[in-house]
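Novice: Starting from these lines, generate the structure:
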Amino acid sequence: MNTKIAFLAAAALCVAAPAFAASHARDTFIKEQDLNGDGSVSKDEFKAGREKQFAGIDADKNGALSQDEYVGEFTARLTKRLAASTDTAEKKEEEGVRQLRQADVRFGVLDTDKSGGITLAEFDYSGWRMFVTHDTNKDGAVTAADPVAEDKD
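Specialist: Numbering: from 1, shown residues only. You can find the predicted model right below:
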């Protein structure tokens with residue numbers, strides 16, 4: 001019960017900026033990152049989108065994402081996604097707790113210099129890894145023509 005209250009309180013306190021994460025699914029990646037709607041995500045388009053996303057999350061405009069900013073933005077998106085889910089309340093709560101735990105871990109991983117904040121360069125690096133993963137034909141753009149990369153697991 002305390003976990004549920006903490007999750008709901010965190011969600012209520014978050015103010016969401018529009019955010020487009022670098023998705024692990026190619027088609028979702030295109031949908032979220034294709035700013036001009038042409039079905040293709042170029043390197044320049046992706047870079048511009050990441051910069052806009054970073055600026056939206058950086059609430060205090062200090063050039064680094066604090067853990068509160070990073071996790072808070074994620075929590076707002078997660079809350080919206082879970083609200084739209086048809087899962088049971090119990091499954092939603094479990095998913096919320098699990099995802100928030102992962103967001104804290106992700107923050108630590110993305111803060112590669114361990115400064116306590118994610119810089120634009122650190123933020124961009126994680127996104128570029130997804131861009132390269134999806135640009136399987138290596139033409140500098142992610143489109144439906146890129147074969148979906150196979151999982152190596």
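
Novice: Just give me how far the host helix or strand of Gly96 sits from the chain centre.
Specialist: For Gly96, the enclosing helix or strand under DSSP states H and E is helix 89-110. Centre-to-centre, helix 89-110 and its host chain are 13 Å apart (CA atoms, centre = their mean, to the nearest Å).

Novice: which strands and helices sit next to that helix?
Specialist: If contacts are counted by 3 or more CB pairs under 8 Å, 6 or more residues apart in numbering; DSSP states H and E, helix 89-110 sits against helix 2-13, helix 67-84, helix 120-134. Backbone N, C-alpha and C define where each C-beta goes, glycine included.

Novice: could I get the ones you listed as TSV with mean neighbour count, mean pLDDT and distance to Thr28?
Specialist: Formatted as TSV, the helices and strands packed on helix 89-110 follow (neighbours: other CB atoms under 10 Å; pLDDT from 0 to 100; distance: least, CB to CB, whole Å):
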stretch	mean neighbour count	mean pLDDT	distance to Thr28
helix 2-13	13	40	22
helix 67-84	18	94	12
helix 120-134	17	91	10
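
Novice: right, and the ones you listed - which one's nearest Phe54?
Specialist: With CB to CB as the criterion, Phe54 lies closest to helix 120-134 of the helices and strands packed on helix 89-110, at 5.2 Å.

Novice: could you give the mean pLDDT of the helix holding Gly96?
Specialist: Helix 89-110 shows a mean pLDDT of 94.

Novice: Going by neighbour count, which residues in it are buried?
Specialist: For helix 89-110, the buried set under the neighbour-count rule, 16 or more other CB atoms under 10 Å, comprises 92-93, 96, 99-100, 103, 106-107, 110.

Novice: Sort out which one of those residues lies nearest Tyr70 for me.
Specialist: Nearest to Tyr70 among those, with distances taken as CB to CB, is Phe107, at 5.1 Å.

Novice: Test my guess that that closest one contacts Gly117.
Specialist: No: using CB atoms under 8 Å, Phe107 is not in contact with Gly117, being 9.4 Å away.

Novice: Just confirm Thr86 is within a strand.
Specialist: No: counting by DSSP: H, G, I helix; E, B strand; the rest coil, Thr86 is located in no strand; its state is coil.

Novice: distance of it from Lys92?
Specialist: 10 Å (CB to CB, to the nearest Å).
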